[in-house]
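Colleague: dropping the sequence and predicted coords here.
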Amino acid sequence: MRSSAVSTVNLFVCLSLLTALTTASTFAEATADRSAQALPGEGRMTEPLEKPGMPPAPVGTYRLETSPRMISPYGGFMSYQVNVDQNGNNIVGDAANEPSISVDPTNHNKMTIGWRQFDTWTSNFRQAGYGYTTDAGFTWHFPGTLQPGAYRSDPVTNSDETGNFFYLNIFVNGFCGDIWRSTNGGQTWALRSPQGGAHSGDKEWFTLDRTPTSMGHGFQYQFWTDYFDCDSGGFSRSTDAGATWQSPLYIPNDPQWGALDVASNGYLFIGGGAGAGSSQFWCIRSTNAQNPNVTPTFDQVTTVNMGGSTIYGGTVNPGGLAGQMFLAVDRYGGPTNNNIYMVSSVSPGGGTNVMFARSTNGGQSFSAPIRINDDPVNSAKWHWFGTLAVAPNGRIDSVWLDSRNAANNLDSQLFYSWSTDGGLTWAPNVAVSNSFDPLQGWPNQSKIGDYITIVSDNTGGDVAYSATFNFNPSRGQHEQDVYYVRVSPSGGATPTPTATASPTATATATSTSTATATATATSTATATATPMATATATPTVTPTATPTATLSPTATPTGTPRVTPTPRTAPTPRIRPSPLPRPV
């Protein structure tokens, strides 16, 4: 048996290397084909955020060393590590970032998070990692990746109103994307579209129409950076819940690095910008994308002032974005119904601020930008990865990473604020996590992803973010991991474990990309948990931060093994027309 296992491992390594060489050749041909087309206009990225890289980690080097999973309390909020092994322990030596969370609206105890999984920090080979919880985020299960050995990135998850989860991501080689679906709370996933059949491109995003009365109920809409695409265009629609996707279309102004949402009348709104260093942002509307009998058109393009420029390559995240554009539509049904909200971390000329703008007239015009972070204006500070979500009762939640409390202007904490009046005013900012050094744990790539995400309900929000709380003694640095935290205007963490306190590991921060750290202590595991209790009203009081000790629980149950998906053939190459002219 041992000889057979060794032979199997050797065969897998050989096949992996052959696959890497083949895909690299294919990508080189595709790149040459693109180079013959029109180059992007001024201010556009000249290369994608996601690029092919190293082959996967050698077999047998993953999940060998573990430590207790990290639970990091701060001011009544509790962050739980998501990327854990089958025994609920931290996997020493891996990296995980760029998390996207979805919540089952019929059962808030069930959630899933997708992320970029690096089996070892020594390689930038990333896969589509996923985890799920059935107890409101106290314990997480990480069965593996969607397709082991497949080079995937840009994970985006979403859910429909019945609790089905969907997971969109791209093959970095060629930028083709596909949709996966889970009907059991994220425990297992099945390929929904043919592999590569969702078209897609670099930094794709998608949304669903959840309004039962809408003509487009159940439709999925996707857009991406059209210069770095699978075939052509920057927008596609699925009328059968992701199974098939229509031929891509170009969007006016070619928006990049944004998000999209659907109003209660079925109108689709896309928010994006012109790219790195640009202060141009747009809200673009389609009123007929919901009509399955017509080709979608875009009938309204509105310029939005966000009070600054998009930053790529900032000091807190040198190889990535300081924040993309997020757009959300209020479907409350009350006075703020169908308001459109846009948030982005932008720079007014040094550092970044989390800026907000809103439209109350269907995207025809937007308010002047409002600064959500309430600390004194300081161009050296970073308020980055700003994002937002709208609760069913109309409350807006926003979270971001924030360096306001760091003497080196780099170490960051997760911060939270909310608005109950449609974004006119915002609650005093609340720190909800311990500080961490974002320059540590890089998996052969100088960034900690490009975004974090939040999903809101009537009493609070569920947040997925990356941080470097765990210490890797063999590397002498803290490592990138994915965390879940529950935020709410009332403060306090849910669920609340009862545990024996033990000290947490802390980093010695530096301001360079080669930062190292020393740990003063490590976590020990002794905890029990109680499920989350859902409140019946939305409180409006501001939580008061009170330091608490770090808690670590007993090992979590083994997750349900996932079914390995059946390999699919690649999509048939399509004729690739020259992109439309880019704005200057």
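Modeller: All right, it came through fine. Just so you know, these numbers come straight off a predicted model, no measurement behind them.

Colleague: for stretch 388-397, measure first residue to last.
Modeller: 5 Å (C-alpha to C-alpha, to the nearest Å).

Colleague: whoops, I mixed them up, stretch 246-254
Modeller: 18 Å.

Colleague: report the distance from that stretch to the chain centre.
Modeller: Stretch 246-254 sits 23 Å away from the centroid of its parent chain (C-alpha atoms, centre = their mean, to the nearest Å).

Colleague: next one: stretch 441-461
Modeller: The answer for stretch 441-461 is 5 Å, by C-alpha atoms, centre = their mean.

Colleague: please begin residue numbering at 37 from this point
Modeller: Yes, from this point I'll number from 37; that puts the last item at stretch 477-497.

Colleague: check which residues of it are buried.
Modeller: Residues 477-479, 481, 483-493, 495-497 are the ones in stretch 477-497 that count as buried (16 or more other C-beta atoms under 10 Å). C-beta here means a position set from N, CA and C on the backbone, and glycine is covered the same way.

Colleague: now do stretch 402-414
Modeller: So for stretch 402-414, counting by 16+ other C-beta under 10 Å, buried means 402-403, 405-409.

Colleague: could you tell me the end-to-end distance of it?
Modeller: 26 Å.

Colleague: tabulate the buried residues of stretch 402-414 (CSV), appending distance to T181 and pLDDT.
Modeller: CSV is the format used below for these (distance: C-beta to C-beta, whole Å; pLDDT from 0 to 100):
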residue, distance to T181, pLDDT
F402, 40, 98
S403, 42, 98
P405, 39, 98
I406, 40, 98
R407, 39, 98
I408, 35, 98
N409, 35, 98
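
Colleague: what sits against the nearest residue to G270 once chain neighbours are set aside?
Modeller: Among residues not flanking G270 along the chain, D262 sits closest, at 3.1 Å (C-beta to C-beta, 6 or more residues apart in numbering). With contacts defined as C-beta atoms under 8 Å, 6 or more residues apart in numbering, D262 is in contact with 237, 268-270, 284, 286-287, 290, 615.

Colleague: Q336 now?
Modeller: Q336 sits next to 320-321, 398-400 when contact means C-beta under 8 Å, 6+ apart.

Colleague: reformat these as JSON lines; add neighbour count.
Modeller: As requested, the contacts of Q336 are exported to JSON lines (neighbours: other C-beta atoms under 10 Å):
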{"residue": "I320", "neighbour count": "24"}
{"residue": "R321", "neighbour count": "19"}
{"residue": "G398", "neighbour count": "18"}
{"residue": "G399", "neighbour count": "26"}
{"residue": "Q400", "neighbour count": "12"}
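
Colleague: among the residues you listed, which ones are in strands?
Modeller: 320-321 (DSSP state E).

Colleague: W176: which of the contacts of Q336 is nearest?
Modeller: Closest approach to W176 among these (C-beta to C-beta): I320, at 36.5 Å.

Colleague: looking at that closest one now. What's its pLDDT?
Modeller: Note on I320: pLDDT of 98.

Colleague: give me the nearest residue to it, chain neighbours excluded.
Modeller: I306 (4.5 Å).

Colleague: surely that neighbour meets F317?
Modeller: No: assessed by C-beta atoms under 8 Å, I306 is found out of contact with F317, at 11.1 Å.

Colleague: OK, contacts around S395?
Modeller: S395 is in contact with 319, 338, 375-376, 401-403, counting by C-beta under 8 Å, 6+ apart.

Colleague: what do you get for N465?
Modeller: 408-411, 438, 451-453.

Colleague: got a list of contacts for whatever helix or strand W216 lives in?
Modeller: Per DSSP states H and E: W216 is located in strand 213-218. Applying C-beta under 8 Å, 6+ apart, the set of residues contacting strand 213-218 from outside is 148, 168, 182, 190, 200-207, 224-237, 240, 242, 256, 258, 260, 266, 274, 277-278.

Colleague: can you select the buried ones from those in ChimeraX?
Modeller: This is how ChimeraX selects the buried members of those, with burial counted by 16+ other C-beta under 10 Å:
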select :148,168,182,190,200,201,202,203,204,205,206,207,224,225,227,228,229,230,231,232,233,234,235,236,237,240,242,256,258,260,266,274,277,278
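
Colleague: which ones among the contacts of strand 213-218 are found in helices?
Modeller: The helices, defined by DSSP state H, take in nothing from the contacts of strand 213-218.

Colleague: hang on, isn't F451 packed against L437?
Modeller: Yes: contact criterion C-beta under 8 Å: F451 and L437 qualify, at 7.5 Å.

Colleague: spit out the residues that contact those two alike.
Modeller: H419.

Colleague: ok, these two, which is more surrounded?
Modeller: L437 (28 against 25; other C-beta atoms under 10 Å).

Colleague: nearest spatial neighbour of that one, skipping sequence neighbours?
Modeller: S448 (4.3 Å).

Colleague: T323 now?
Modeller: T323 sits nearest to Y303 (C-beta to C-beta, 6+ apart), 5.2 Å away.

Colleague: contact partners for the one you found?
Modeller: Here Y303 is in contact with 321-323, 326, 398 (criterion: C-beta under 8 Å, 6+ apart).

Colleague: okay, now L460: neighbour count?
Modeller: 11.

Colleague: how close does N353 sit to S448?
Modeller: 10 Å (C-beta to C-beta, to the nearest Å).

Colleague: between those two, point out the one with more neighbours.
Modeller: The residue with more neighbours, out of N353 and S448, is S448; 29 against 24, by other C-beta under 10 Å.

Colleague: between all of the contacts of Y303, which two are separated the most?
Modeller: Within these, Q326 and G398 form the most distant pair, 14.5 Å apart (C-beta to C-beta).

Colleague: on that earlier part again, which strand or helix spans the residue nearest to G270?
Modeller: Using DSSP H and E, D262 falls within no helix or strand.

Colleague: follow-up on the earlier one: just the element for the residue nearest to I320, please.
Modeller: strand 304-309.

Colleague: now do that strand: which elements does it pack against?
Modeller: Packed against strand 304-309 by the contact rule (3 or more C-beta pairs under 8 Å, 6 or more residues apart in numbering; DSSP states H and E) you find strand 256-259, strand 292-298, strand 317-322, strand 361-365, strand 376-382.

Colleague: the strand holding W216 - what's its average pLDDT?
Modeller: Mean predicted confidence for strand 213-218 is 96.

Colleague: count the neighbours of S315 for me.
Modeller: 16.

Colleague: which strand residues bridge the closest residue in space to it that isn't next to it in sequence?
Modeller: Leaving aside its sequence neighbours, S315 sits nearest to S345 (C-beta to C-beta, 6+ apart; 4.4 Å). S345 has these beta-bridge partners by DSSP bridges: S383.

Colleague: burial measure for S345, as a count.
Modeller: Residues near S345, counting by other C-beta under 10 Å: 23.

Colleague: what residues does it make contact with?
Modeller: 313-315, 382-384.

Colleague: assess the claim that Q476 and H514 are in contact.
Modeller: Yes: counting by C-beta under 8 Å, H514 is a contact partner of Q476 at 4.6 Å.

Colleague: higher neighbour count, those two?
Modeller: Shown here are Q476 and H514; by other C-beta under 10 Å, H514 has more neighbours (28 against 25).

Colleague: what sits closest to R246 if chain neighbours are left out?
Modeller: Using C-beta to C-beta, 6+ apart, the closest residue to R246 is E197 (4.5 Å).

Colleague: quick check: phi and psi on the one you found?
Modeller: E197 has phi and psi values of phi -70, psi -10 when expressed as degrees, to the nearest 10.

Colleague: where's the residue nearest to G270 relative to W318, distance?
Modeller: In terms of C-beta to C-beta, D262 sits 14 Å off from W318.

Colleague: for the protein, what are the low-confidence residue spans?
Modeller: Along the chain, segments meeting pLDDT under 70 span 37-84, 87-88, 90-99, 528-620.

Colleague: quick one on the thing from earlier: and which of the contacts of Y303 is nearest V128?
Modeller: Among these, S322 lies closest to V128 (C-beta to C-beta), at 47.4 Å.
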